[in-house]
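Engineer: A predicted structure for the sequence below; I have some questions about it.
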Amino acid sequence: MVYKEIFLVDDDQLVNTINTFLFKKMGVGHKVQSFLNPEEALDRLKSFTDNEKKILVLLDINMPEMSGFEFLESMAAENFPTSVEVIILTSSDSKADKEEAEKHTKYVKDFISKPLREHMIRPYLELK
């Protein structure tokens with residue numbers, strides 16, 4: 001799947017900065033947009049009218065404004081296209097969180113523990 005854009009949604013600026021650097025190192029930094037506020041990321045996603053545009057969202061679970069699961073529920077409630085794919089990127093290794101993520105298989109493609117490493121994300125980017 002070749003993504004046109006990559007959204008980093010995490011309330012920790014350092015995490016977004018480190019992940020942006022990783023994507024730049026992989027040659028796709030120009031596709032990255034980072035968001036500290038998940039509601040802003042949702043608004044940006046809503047602005048896309050091209051349902052064929054593949055977007056990857058790396059989504060944290062624990063955020064103060066809106067949890068990652070609330071973000072996913074909003075996506076479902078507004079019937080976002082399946083061209084928006086989500087990888088949950090979290091420090092949580094809770095079985096309950098993994099089970100909750102499995103309720104959102106329409107969008108969630110994986111559940112990855114922080115910190116993000118190149119070998120974890122490379123298969124999704126179809127990079128050589």
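Structural biologist: It's in.

Engineer: As a check, name the ranges of all helices in this structure.
Structural biologist: For the chain, the helices defined by DSSP state H occupy 13-25, 38-46, 68-77, 95-102, 118-125.

Engineer: export those helices to JSON lines and tack on mean pLDDT?
Structural biologist: Below are the helices of the chain laid out as JSON lines (pLDDT from 0 to 100):
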{"stretch": "helix 13-25", "mean pLDDT": "97"}
{"stretch": "helix 38-46", "mean pLDDT": "95"}
{"stretch": "helix 68-77", "mean pLDDT": "96"}
{"stretch": "helix 95-102", "mean pLDDT": "92"}
{"stretch": "helix 118-125", "mean pLDDT": "93"}
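
Engineer: closest to residue 57 out of those?
Structural biologist: helix 38-46 (7.2 Å; CB to CB). All C-beta spots, glycine's among them, are computed from the backbone N, C-alpha and C.

Engineer: which residues touch the closest one?
Structural biologist: Around helix 38-46, the neighbours that count as contacts under CB atoms under 8 Å, 6 or more residues apart in numbering are 7, 9, 11, 33, 35, 55, 57, 59, 63, 65-66, 68, 70-71, 74-75, 78, 80, 84.

Engineer: Now a ChimeraX select for only the buried ones of these.
Structural biologist: For anyone working in ChimeraX, the buried entries among these, judged by 16 or more other CB atoms under 10 Å, can be selected with:
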select :7,9,11,33,35,55,57,59,63,66,68,71,74,75,80,84
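
Engineer: Please produce TSV containing the helices of the chain, extended by distance to residue 112.
Structural biologist: Output for these, formatted as TSV (distance: least, CB to CB, whole Å):
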stretch	distance to residue 112
helix 13-25	11
helix 38-46	17
helix 68-77	12
helix 95-102	10
helix 118-125	5
